[in-house]
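In: starting from these lines, generate the structure:
(chains A and B)
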Amino acid sequence: MTRRALVEALRGSAHRSLVDGGGMVVSIAFYVVIVGTLSGLWRVAVHANGGELAGYSAVAITWYIITSEAAIVSVNARHIEDIGADIAQGTVAVELLRPASVLGVRMATEVGRGLPKVAALWGAGAVVAAVVAGGPPRSATLLLAAPSLVLAIIANLLAQHAVAAIAFWIRDAGSVWFLYLKAVFITGGMIIPLELLPDGVQHAAMLMPFRAMAYAPARLAAGYWEPMLFVEQLVWIGILGVVASAAFSAGERRLQVVGG
Amino acid sequence: MAIRARRLTKVFETGRRRARRRIEAVRELDLDVAAGERVAYIGPNGAGKSTSIKILTGILHPTAGGATVLGLTPWEDRRLLARRIGTLFGQRSLLWLELTPRQSYRMLAAIYGLDRAAEQRRIAELGDLLEASGLFDQPVRSLSLGQRMRCELTACLLHDPEILFLDEPTIGLDLVAKQRFRELLVRLNEQQGTTIFLTSHDVADIEHVAKRAIVINHGEVIYDDEVAAMRRTLLATKVVEVGLVEAIAAPTQAGVTLLEHSDQVLRLVVDTNLTPIRVVMDELLDGPAVTDISVVDPPLEQVIGEIYELPAR
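Out: Numbering: from 1, shown residues only, chains lettered A, B, ... in the order given. Model (predicted):
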């Protein structure tokens, strides 16, 4: 498949996301309410703890929350369910009729859909953070957080495709998305910075890919100069890419044998 | 030869352990379609049409037998074949609903490796051929089904396929849109030499588009002949339904069989090999009592039933 095909898929879906002004406004409104409430709660906790909690100041934790939420909310939470339905209803079988990788086009389309959304959400979040807590703790790490957010979206979507591929075998991936989302919420550091989790859960979270989807960009936006997080994201993207490709290839082979 | 299948077989296994069941969807199918032909590939629900089309387009692996499409083995050379065939499944859209058709074509052109100049030239050509240029910049959601199908056809022809596989392409279209779509398929075949391989439940699709009809049932070919011959032998009967204000005498010409006769309704089957439909219509319309009249094709199931009654070929 040519690079142009992926670029066009990405560009086309980004355009669709942008022209859906109503959907974008609703997402931003929902996101602002969530980050406004959640970061307010965390600031209360930080102040109650003497102005610092596990190393996070009130400003740092606010920037953490607006970034972790933007990373997750910009990706369709029930994408696993949608992919599963497409597999079960034969849509993926028809996609096999194109001379292109089913996974490649789907990934490019979803990343394209997520990019304008994450830019809009993070922009709105930055305004919220600046108003309620103050400017970013560190400009240099904030710059690194921007590409890290893109990697977070890619990692999340690859993981969702890898998980959703079970629909090639069990025909109903509908219930899996709920478990997946909870894993991202907790071990991905979406609502609680990983440093605040109990030791056991924290260690488990360090070994899982979910922290590449929220914690990594959020930690960078909170002002921590930890470029290894960036490298870690790239490694997880590599691993998840291999797993998703293998799962889709095996699933497509199965579809070709047992029908769709 | 555009399509060749030999002893093509597909068996699905369903259920588990003791309840395991084998379903022979396609049974030792032999098929030859020459380049440039217009073939109707028909049969009742569950006959194996869609399964065999999926095998011929590379979506499914057969259980046994072989097939080549444009010299390629579909399930082994799926992506290579996809560049040379077009597929249109009536209930599956090739277009992205949130985009305009032109935006979808740009994505498809990139997938099929067309450069921008070729893409624009092809869109202009197809717009003229299918009389659809005015639709390409409207959101897909705002198009009527007939308009959308013309845009879908453009999408599946964008890469200039040598064979067009159409599975129930007229489903859901109104009568005018159906007729227009059929004319477009014939024009496409005549002007560009595209091989048409069509499945449909609509007898009129077969009569107006195809030159040859292949009928399958239970996964096997049970009839393969020119549509003209099929028309003489199997599609010669028409059902005439007449609405009445008062009872009239039923026509008595040769080949006219009465199905229903009351004060309000008269239903007849007319064998047009024996009496032209116009003669029967003229007689009925001469009377003052007729309020409504319609002529319909026999359902495909009836045609297939008649095939089973034919002497062995």
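
In: tell me the domain ranges of chain B?
Out: Each domain of chain B is listed here as a residue range: B:3-232, B:236-296, per automatic domain parsing.

In: can you tell me the SS state at A:E69?
Out: When the structure is reduced to helix, strand and coil (DSSP: H, G, I helix; E, B strand; the rest coil), A:E69 reads as helix.

In: for chain A, what spans make up the helices?
Out: Listed in chain order, the helices found in chain A under DSSP state H are A:3-19, A:21-48, A:58-73, A:79-88, A:91-95, A:102-132, A:139-164, A:167-170, A:176-187, A:199-206, A:215-221, A:228-258.

In: can you list the ones you listed in JSON lines and add mean pLDDT, distance to chain B and mean neighbour count?
Out: Every residue, glycine included, has its C-beta placed from N, CA and C. Formatted as JSON lines, the helices of chain A follow (pLDDT from 0 to 100; distance: least, Cβ to the nearest Cβ, whole Å; neighbours: other Cβ atoms under 10 Å in any protein chain shown):
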{"stretch": "helix A:3-19", "mean pLDDT": "83", "distance to chain B": "4", "mean neighbour count": "19"}
{"stretch": "helix A:21-48", "mean pLDDT": "93", "distance to chain B": "10", "mean neighbour count": "15"}
{"stretch": "helix A:58-73", "mean pLDDT": "97", "distance to chain B": "20", "mean neighbour count": "28"}
{"stretch": "helix A:79-88", "mean pLDDT": "85", "distance to chain B": "11", "mean neighbour count": "22"}
{"stretch": "helix A:91-95", "mean pLDDT": "84", "distance to chain B": "5", "mean neighbour count": "21"}
{"stretch": "helix A:102-132", "mean pLDDT": "94", "distance to chain B": "7", "mean neighbour count": "21"}
{"stretch": "helix A:139-164", "mean pLDDT": "95", "distance to chain B": "18", "mean neighbour count": "22"}
{"stretch": "helix A:167-170", "mean pLDDT": "84", "distance to chain B": "13", "mean neighbour count": "18"}
{"stretch": "helix A:176-187", "mean pLDDT": "89", "distance to chain B": "22", "mean neighbour count": "18"}
{"stretch": "helix A:199-206", "mean pLDDT": "91", "distance to chain B": "35", "mean neighbour count": "12"}
{"stretch": "helix A:215-221", "mean pLDDT": "97", "distance to chain B": "28", "mean neighbour count": "30"}
{"stretch": "helix A:228-258", "mean pLDDT": "91", "distance to chain B": "5", "mean neighbour count": "17"}
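
In: any chance of the ones you listed in a markdown table, with distance to B:R20 too?
Out: Below are these laid out as a markdown table (distance: least, Cβ to Cβ, whole Å):
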| stretch | distance to B:R20 |
| --- | --- |
| helix A:3-19 | 41 |
| helix A:21-48 | 47 |
| helix A:58-73 | 43 |
| helix A:79-88 | 21 |
| helix A:91-95 | 23 |
| helix A:102-132 | 30 |
| helix A:139-164 | 28 |
| helix A:167-170 | 17 |
| helix A:176-187 | 27 |
| helix A:199-206 | 41 |
| helix A:215-221 | 47 |
| helix A:228-258 | 13 |
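
In: packing partners of the stretch of helix or strand B:D128 belongs to?
Out: Here B:D128, judged by DSSP states H and E, is contained in helix B:116-129. On a contact count with 3 or more Cβ pairs under 8 Å, 6 or more residues apart in numbering or on different chains; DSSP states H and E, helix B:116-129 meets helix B:101-111, helix B:145-157, helix B:175-192.

In: on that earlier part again, nearest to B:S104, of the helices of chain A?
Out: For B:S104, the closest of the helices of chain A is helix A:3-19, at 7.9 Å, according to Cβ to Cβ.

In: for the closest one, packing partners?
Out: With contacts defined as 3+ Cβ pairs under 8 Å, 6+ apart, the secondary structure elements packing on helix A:3-19 are helix A:21-48, helix A:102-132, helix B:101-111.

In: one step back: deepest in the core, which of the helices and strands packed on helix B:116-129 is it.
Out: helix B:101-111 (a mean of 24; mean count of other Cβ atoms under 10 Å in any protein chain shown).

In: now the strands for chain B?
Out: Per DSSP state E, chain B carries strands over the ranges B:3-14, B:21-33, B:38-42, B:64-69, B:85-89, B:163-167, B:195-199, B:212-217, B:220-226, B:237-244, B:256-261, B:265-271, B:290-296.

In: so where's chain B uncertain?
Out: Within chain B, the stretches falling below the threshold (pLDDT under 70) are B:90, B:300-301, B:308-313.
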